[in-house]
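[1] fold the following and give me the result.
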Amino acid sequence: MTAGGLKKILASAVVAGVTEARARIFGHILNPTGQRSPHKILRKKLIGDQVAEWYPYDVKNDDPLVMARQEEERLSKLEMLKRRGKGPPKKGQGRRAVKRNK
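    Sure, this is the predicted structure:
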């Protein structure tokens, strides 16, 4: 009987050791007692100003050459669509206006 009890104690010690090692390796929080902890709340994504501070400032918006190139590309694409007849309709000629006039 004592051999079986010793085996159980050793097995539980091994399982506890493996669990601790796994937590250390993968960065998990070990909570063997199951008590409430704030870890779940602290793991959540940042919100508001913290998010804004985290991301770097976009320099593209300040560079007039980049903005001019983007605007030029947009206008050329719009012109190409208009030539194919796929551009936006004139004001008052859209789907809603046509539906209203029927």
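
[2] and Glu71, how far is that from Leu65?
    Spatial separation of Glu71 from Leu65 under the definition C-beta to C-beta, to the nearest Å is 11 Å. C-beta here means a position set from N, CA and C on the backbone, and glycine is covered the same way.

[3] now swap in Phe26 and tell me
    Between Phe26 and Leu65 the computed distance is 47 Å (C-beta to C-beta).

[4] neighbour count winner among Glu71 and Leu65?
    For Glu71 and Leu65, the more surrounded residue by other C-beta atoms under 10 Å is Glu71, and the numbers stand at 10 against 7.

[5] show me what secondary structure element comes after the helix or strand harbouring that one.
    Taking DSSP states H and E as the criterion, Glu71 maps to helix 64-83. Tracing the chain past helix 64-83, the next element assigned as helix or strand by DSSP H and E is helix 95-101.

[6] and that next one, what's buried?
    Using 16 or more other C-beta atoms under 10 Å as the burial criterion, none of the residues of helix 95-101 qualify.

[7] mean confidence score for it?
    Mean pLDDT, helix 95-101: 79.

[8] please apply the same query to stretch 71-82.
    For stretch 71-82, the mean per-residue pLDDT is 95.

[9] where does the protein have low pLDDT?
    Screening the chain residue by residue with the criterion pLDDT under 70, one finds the ranges 1-2, 102.

[10] alpha carbons of the helix holding Glu71, as PDB, please.
    Taking C-alpha atoms only, helix 64-83 is exported to PDB below (Å, rounded to 0.1, in the frame of the first residue of the first chain):
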ATOM      1  CA  PRO A  64       3.400  66.900 -49.600                       C
ATOM      2  CA  LEU A  65       5.100  64.900 -52.400                       C
ATOM      3  CA  VAL A  66       3.500  61.700 -51.100                       C
ATOM      4  CA  MET A  67       0.100  63.300 -50.700                       C
ATOM      5  CA  ALA A  68       0.300  64.800 -54.200                       C
ATOM      6  CA  ARG A  69       1.300  61.500 -55.800                       C
ATOM      7  CA  GLN A  70      -1.600  59.700 -54.100                       C
ATOM      8  CA  GLU A  71      -4.000  62.400 -55.200                       C
ATOM      9  CA  GLU A  72      -2.700  62.200 -58.800                       C
ATOM     10  CA  GLU A  73      -3.100  58.400 -58.800                       C
ATOM     11  CA  ARG A  74      -6.700  58.800 -57.500                       C
ATOM     12  CA  LEU A  75      -7.500  61.300 -60.200                       C
ATOM     13  CA  SER A  76      -6.000  59.200 -63.000                       C
ATOM     14  CA  LYS A  77      -7.900  56.200 -61.800                       C
ATOM     15  CA  LEU A  78     -11.100  58.200 -61.700                       C
ATOM     16  CA  GLU A  79     -10.500  59.500 -65.200                       C
ATOM     17  CA  MET A  80      -9.900  56.000 -66.500                       C
ATOM     18  CA  LEU A  81     -13.100  54.800 -64.900                       C
ATOM     19  CA  LYS A  82     -15.100  57.700 -66.400                       C
ATOM     20  CA  ARG A  83     -13.700  56.900 -69.900                       C
END
